[in-house]
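Participant: give me a 3D structure for the following:
(one chain, ligands or ions: 2)
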Amino acid sequence: MARPRAFTAGLVALAAAAGLTGAMTTGAQAADNPYERGPDPTTASIEAARGPYAVSQTTVSSLGATGFGGGTIYYPTTTADGTFGAVAISPGFTGTQSSIAWLGPRLASQGFVVFTIDTLTTLDQPDSRGRQLLAALDHLTQRSPVRGRIDSTRLGVMGHSMGGGGSLEAAKARPSLQAAIPLTGWNTDKTWPEVRTPTLVIGADGDSVAPVSSHSEPFYASLPASLDKAYLELNNATHFTPNSPDTTLAKYSVSWLKRFIDDDSRYEQFLCPVPRPSLTIEEYRGTCPHGS
Ligand code: 9J3
Ligand code: ZN
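Facilitator: Ligands and ions are numbered 1, 2, ... in the order given. Reported below is the predicted structural model:
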């Protein structure tokens, strides 16, 4: 894979010298990356309430789930575009899947199979939530009715609060995961040097439940310097901002999942150079450029 990629970069450089970048880039990338899905992205497309794919959904009963509490699978309706990457998402302490449900169709419409889960009990701690996210991914790829639509080598995890802490636990336990995104994450473990999964840590400036100074910031800082990682601190936001549709959270989550689950370099433009502070971004840090 490294050789064709370098070769493609060379072709693009030659094309740029010849003033042909626009025509060259699209064709070369489409040929180079078997995982990319959907049209070339724009700021409008990653900010949109819905992406290009129509979405269907199916329920997984707690009675039919092993090691987690069941949930809802959101997936692109079409079978014309091959397989998709998949993401499991855990709610936080005392929460149910309804608290993070908006992310199901939001992310699935961009071209992912998304599993919003219930936990075994609403009081489960982050380490348990991490194991449950992995059990949910196993269910998704091995037993669910949409298993044939999923590329089981291209999986990610997300979660809110203790579910975000759980997404770090899941990544630490299963380094084959391609992306992790803790949302206003909470964990008593502040150090994550073991993680090998590209991780976008999203915190909120006004979070008094999981203050960024004692949760998201040390999580980000402790991830390996060599890792593809980023820290997005939402401006004018609280611990519960991830429980409702949020454009900034969504646009960078979509970009991160596309960049690392689909290996889709078309989304690098939204991540690097790192976004500047704005009315919605308190702070953004990242290891740019991503990939190698
Ligand atoms: O999942 C969360 O919202 C974690 C924050 C919390 O309520 O911790 C209390 C122990
Ligand atoms: Zn640790």
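
Participant: switch to C-alpha atoms for all contacts and neighbour counts from now on
Facilitator: Noted.

Participant: what's the burial count for the closest residue to ligand 2 within the stretch 51-200 of the chain?
Facilitator: When scored by Cα to the ion, the stretch 51-200 of the chain has Thr191 as its residue closest to ligand 2, at 3.6 Å. Counted with other Cα atoms under 10 Å, the neighbours of Thr191 add up to 16.

Participant: that one touches Pro218, doesn't it?
Facilitator: Yes. Taking Cα atoms under 8 Å as the contact criterion, Thr191 and Pro218 are neighbours in contact, 6.9 Å apart.

Participant: mutual contacts of the two, please.
Facilitator: Counting by Cα atoms under 8 Å, 6 or more residues apart in numbering, Thr191 and Pro218 have no common neighbour.

Participant: and the closest residue to Ile100 other than its chain neighbours, what's its pLDDT?
Facilitator: Computed as Cα to Cα, 6 or more residues apart in numbering, the closest residue to Ile100 that is not its neighbour in sequence is Asn243, at 5.4 Å. On the pLDDT scale, Asn243 is placed at 98.

Participant: what's near enough to touch Asn243?
Facilitator: Contacts were defined as Cα under 8 Å, 6+ apart; by that measure Asn243 touches 99-100, 102, 160.

Participant: what about those, which are in helices?
Facilitator: Helix and strand membership here follows DSSP state H; of those, not one is in helices.

Participant: out of those, which are close to ligand 1?
Facilitator: Applying Cα under 6 Å from any ligand atom, the subset of the contacts of Asn243 adjacent to ligand 1 is empty.

Participant: those: which two are farthest apart?
Facilitator: Pairwise distances across these (Cα to Cα) peak at 12.4 Å, for the pair Trp102 and His160.

Participant: compare the two (neighbour count), which wins?
Facilitator: With other Cα under 10 Å as the criterion, Trp102 and His160 differ in neighbour count, and His160 comes out ahead with 29 against 17.

Participant: how near is the more buried one to Asp40?
Facilitator: For His160, the distance to Asp40 under the criterion Cα to Cα, to the nearest Å works out to 29 Å.

Participant: so which bits of the stretch 51-200 of the chain are right by ligand 1?
Facilitator: Selection of the stretch 51-200 of the chain residues close to ligand 1 by Cα under 6 Å from any ligand atom yields 92-93, 161-162, 186.

Participant: looking at those residues, spot the one nearest Arg259.
Facilitator: Comparing those against Arg259 with Cα to Cα picks out Ser161 as the nearest, at 23.5 Å.

Participant: is it correct that that closest one is in contact with Thr188?
Facilitator: No. Look at Ser161 against Thr188 with Cα under 8 Å: they stay out of range, at 11.5 Å.

Participant: the more surrounded of these two?
Facilitator: Set side by side, Ser161 and Thr188 show more neighbours around Ser161, with 29 against 11, by other Cα under 10 Å.

Participant: excluding its backbone neighbours, what's nearest the more buried one?
Facilitator: Take Ser161 and drop its neighbours on the chain: the residue closest to it by Cα to Cα, 6+ apart is Gly185, 3.9 Å away.

Participant: tell me how many other residues surround Asn166.
Facilitator: Not quite, residue 166 is Gly, not Asn. Here the number of neighbours of Gly166 (other Cα under 10 Å) works out to 35.

Participant: how close does the residue of the stretch 51-200 of the chain closest to ligand 2 sit to Thr287?
Facilitator: Distance check for Thr191 against Thr287: by Cα to Cα, it reads 18 Å.

Participant: Leu223 now?
Facilitator: Applying Cα to Cα, one obtains 11 Å for the distance of Leu223 from Thr287.

Participant: outside of stretch 188-201, which residues touch it?
Facilitator: The contact list for stretch 188-201, computed with Cα under 8 Å, 6+ apart, reads 168, 171-172, 175-185, 214-216, 218-220, 222-224, 227-232, 253, 256, 260.

Participant: please pick the buried ones from the residues you listed.
Facilitator: Buried positions within these, assessed by neighbour count (16 or more other Cα atoms under 10 Å), are 168, 171-172, 177-185, 215-216, 219-220, 223, 227-232, 253, 256, 260.

Participant: so which of those are in helices?
Facilitator: In this view, these that belong to helices under DSSP H are 168, 171-172, 216, 219-220, 253, 256, 260.
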